[in-house]
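[1] My questions are about this predicted structure, shown below with the sequence.
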Amino acid sequence: MQSRPNIHALYTLRLLLVALLALALGACAAFSPRDPLNVQVAGIQPLQGEGLELRFMVRLRLQNPNDSAIDYNGVALNLEVNGRQLASGVSDQRGTVPRFGETVLNVPVTISAFSAARQALGLAEQADGEVPYVLRGKLAGGLFGTQRFVERGTFDLSPVTASPYRRP
């Protein structure tokens, strides 16, 4: 006597395979390439420090050039000046950078007195007035939603010469 396969088991197996296929396609869509965030420092304001530290509120303008919004639930920053770590900061802010939109984040950062002294010594040895900086950060967004960003540039610390033409 031949045993006939259970029809309910085959139906359940097909349903499970279809669900796995749909899940796999959704996961592939979640990993689609995104353009990186555009990040600019919009402002820096001094804050009250304690002891041998300096504190500042860094305002970052985040621009999202993607077709989907970016949700975040925390931000971390590290500022490197002239190849040396200068400041770091974190914030547990939550929010959204809208699709094809922008938002401004406020992140408190701390500079230790030792980092400031090390930077001052390094700047004294600087031959030209161009000082490179790198701002690295991340917007926390869960397991696969974290967005990292890097902003590079230079500070021009060359002395400003007075114009021979003066206004009355």
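    Perfect, thanks for sending it. Residues are numbered from 1 along each chain as shown.
[2] switch to C-alpha atoms for all contacts and neighbour counts from now on
    OK.
[3] now the helices for this protein?
    7-30, 113-124 (DSSP state H).
[4] among the ones you listed, which gets the worst mean confidence?
    Looking at those, the lowest mean pLDDT belongs to helix 7-30 (a mean of 70).
[5] ok now do T154, which residues does it touch?
    130-133 (CA atoms under 8 Å, 6 or more residues apart in numbering).
[6] so which of the helices of the chain is the most packed in?
    helix 113-124 (a mean of 14; mean count of other CA atoms under 10 Å).
[7] chain center to that one: distance?
    25 Å (CA atoms, centre = their mean, to the nearest Å).
[8] What are the contacting residues of that helix?
    Contacts of helix 113-124 (CA under 8 Å, 6+ apart): 52-54, 81-82, 84-87, 131.
[9] any chance of the residues you listed in CSV, plus neighbour count, pLDDT and distance to I70?
    Shown next, in CSV, are those (neighbours: other CA atoms under 10 Å; pLDDT from 0 to 100; distance: CA to CA, whole Å):
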residue, neighbour count, pLDDT, distance to I70
L52, 10, 84, 37
E53, 14, 89, 33
L54, 17, 89, 31
V81, 21, 86, 29
N82, 17, 84, 31
R84, 14, 86, 31
Q85, 18, 89, 28
L86, 22, 89, 28
A87, 21, 91, 26
V131, 17, 81, 32
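[10] Just the buried ones from the contacts of T154?
    131, 133 (16 or more other CA atoms under 10 Å).
[11] ok, of the contacts of T154, which one's closest to I111?
    The nearest member of the contacts of T154 to I111, counting by CA to CA, is Y133 at 14.7 Å.
[12] nearest residue to the closest one other than its sequence neighbours?
    V81 (4.3 Å; CA to CA, 6 or more residues apart in numbering).
[13] wait, isn't that neighbour in contact with V131?
    Yes. At 7.1 Å, V81 counts as touching V131 under the criterion of CA atoms under 8 Å.
[14] need the contact list for Q48.
    54-55.
[15] Put together a markdown table for the contacts of T154, with distance to D35 on each row.
    As requested, the contacts of T154 are exported to a markdown table (distance: CA to CA, whole Å):
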| residue | distance to D35 |
| --- | --- |
| E130 | 29 |
| V131 | 28 |
| P132 | 25 |
| Y133 | 22 |
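[16] Go through the contacts of T154 and flag which are in strands.
    130-133 (DSSP state E).
[17] Closest one to E102 out of the contacts of helix 113-124, please.
    For these, the nearest to E102 is A87 (24.5 Å; CA to CA).
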